[in-house]
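> fold the following.
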Amino acid sequence: MIGVITHHWAKPDLVGEARTLLDGNGEAQSRHSGFLSRQTLISRSDPTKITTLVVWESNEIYDGWRASPERERAMLGADELWSRPAESERFDMVD
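Coordinates of the predicted model:
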């Protein structure tokens, strides 16, 4: 199992739209084989910073999601919402 933590920074006037897009992405992820769970976190010190933790069965399954047309559709138009590029890192689950 892997956990993927991704930090997104929305443009200040587009936080609502960014959250809606990320929620839709999460909904699409939940239908992908190998998806286990997803949490969304909003920074207390920077309300434009939206972080997600998504748990997948394996690294290969997550790679499949990243390359899928479903992900491409879910994230359509996302580039215009961010004030800086997203940062993502994969972690091995140990519990």
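> switch to C-alpha atoms for all contacts and neighbour counts from now on
Fine.
> quick one, strands of this protein?
2-10, 35-42, 49-56, 82-92 (DSSP state E).
> got the CA coordinates for the third one in CSV?
C-alpha atoms of strand 49-56 as CSV (Å, rounded to 0.1, in the frame of the first residue of the first chain):
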residue,chain,number,x,y,z
LYS,A,49,-3.1,25.4,0.4
ILE,A,50,-5.2,22.3,-0.2
THR,A,51,-3.5,19.0,0.6
THR,A,52,-4.8,15.5,-0.2
LEU,A,53,-3.8,12.1,1.2
VAL,A,54,-4.8,9.3,-1.1
VAL,A,55,-4.2,5.6,-0.3
TRP,A,56,-3.8,3.1,-3.1
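> in its sheet, what does that strand sit against?
strand 2-10 (antiparallel), strand 35-42 (antiparallel) (DSSP bridges).
> most tightly surrounded among the ones you listed?
Of all the strands paired with strand 49-56, strand 2-10 carries the top mean neighbour count, a mean of 20, counting by mean count of other CA atoms under 10 Å.
> can you pull the contacts of Y62?
By CA atoms under 8 Å, 6 or more residues apart in numbering, the residues touching Y62 are G34, W56.
> so what's W56 bridging to?
I2, F35.
> just give the number of residues close to it.
W56 has 23 neighbouring residues, counting by other CA atoms under 10 Å.
> okay but it is in contact with Q29, surely?
No. Between W56 and Q29 there is no contact under CA atoms under 8 Å: 9.7 Å.
> spatially nearest residue to G26, not counting backbone neighbours?
Distances taken as CA to CA, 6 or more residues apart in numbering place R38 nearest to G26, at 7.0 Å, with adjacent residues excluded.
> just the pLDDT at the one you found, thanks.
According to the prediction, R38 has pLDDT 98.
> quick one, longest helix in this structure?
As assigned by DSSP state H, the longest helix anywhere in the chain is helix 15-30.
> pLDDT (mean, whole number) over that one?
Helix 15-30 comes out at a mean pLDDT of 97.
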